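1. sequence plus predicted model, see below.
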Amino acid sequence: RPELEGKDLTYYADSSGKRLFVEMVDVAKKNKSGFVEYIWQWTDKTDLETKKISYVVLFEPWQWIIGTGVYYRDVEHVINDLTKNINRAFTAIIIIVAMVSSFVIIQSLVREKKRMTAEENLRKLLTEKEVLIKEVHHRVKNNLQIISSLLNLQSYSIKDEGMTAIFKETQGRILTLSAI
């Protein structure tokens, strides 16, 4: 502030009554550096005051106090911007996680449906196989009984008892096979 240049600031106080320049000197001399909070005009607006914090350091070779400050409003603005950016990033992450989760769930459902369809097809094929096996078994059994009947008929025309015995034994074996 140009109106403070070249003046004794020992008794200068902010709007809360704090003699901020005296406190800056005290902090710098006592601790060699430190922070001082006070109220100061907002940038170049003389009618608006706000909280400010300054960091002061004692430069011992010259016995000078060097300081720099920042308005709390500026810090709050930066924090608010960072918070908004973090919230946006967090929201984006949540959306991405939701999309990936949805994709995984959908893929799982599709795979499960395919698995169930394949399982149903296998059941149908197994049922068809069982029907075909029963049909083949029935036909083989019928054919063996026909063969047995033919052997029986043929055995009546054979005069040799040895040959008749062989026919009867064969007929018995065929009947045994057809009984299975």
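-> Alright, I've got the coordinates. Just so you know, these numbers come straight off a predicted model, no measurement behind them.
2. quick check: closest non-adjacent residue to residue 58.
-> residue 28 (4.0 Å; CB to CB, 6 or more residues apart in numbering). Bear in mind the C-beta positions are built from the backbone N, C-alpha and C, glycine included.
3. quick check: what element follows the helix or strand where that neighbour lies along the chain?
-> Here residue 28, judged by DSSP states H and E, is contained in helix 20-31. Sequence order places strand 33-42 as the next helix or strand after helix 20-31, per DSSP H and E.
4. that following strand vs helix 20-31, what angle?
-> 170 degrees (axes from the mean of the first three to the mean of the last three CA atoms, to 10 degrees).
5. could you pull out the helices in the chain for me?
-> Secondary structure of the chain, counting by DSSP state H: helices at 20-31, 72-156, 161-179.
6. what about this structure, any weak spots by pLDDT?
-> Applying pLDDT under 70 to the chain picks out residues 1.
7. can you lay out the helices of the chain as JSON lines showing distance to residue 52?
-> Below are these laid out as JSON lines (distance: least, CB to CB, whole Å):
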{"stretch": "helix 20-31", "distance to residue 52": "9"}
{"stretch": "helix 72-156", "distance to residue 52": "7"}
{"stretch": "helix 161-179", "distance to residue 52": "109"}
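8. mean neighbour count, these: which tops it?
-> helix 20-31 (a mean of 17; mean count of other CB atoms under 10 Å).
9. contacting residues around that one?
-> Residues from elsewhere that reach helix 20-31 (CB atoms under 8 Å, 6 or more residues apart in numbering): 9-10, 12-14, 33-36, 38, 40, 54, 56-58, 65, 67.
10. any of those residues buried? List them.
-> Among the contacts of helix 20-31, the ones that count as buried by 16 or more other CB atoms under 10 Å are 14, 34, 36, 38, 40, 54, 56-58, 65, 67.
11. quick one: residue 7 from residue 14, how far?
-> 15 Å (CB to CB, to the nearest Å).
12. run the chain-centre distance for the longest strand along the chain.
-> Identified as the longest strand of the chain according to DSSP state E is strand 45-59. Computed by CA atoms, centre = their mean, to the nearest Å, the chain-centroid distance of strand 45-59 equals 48 Å.
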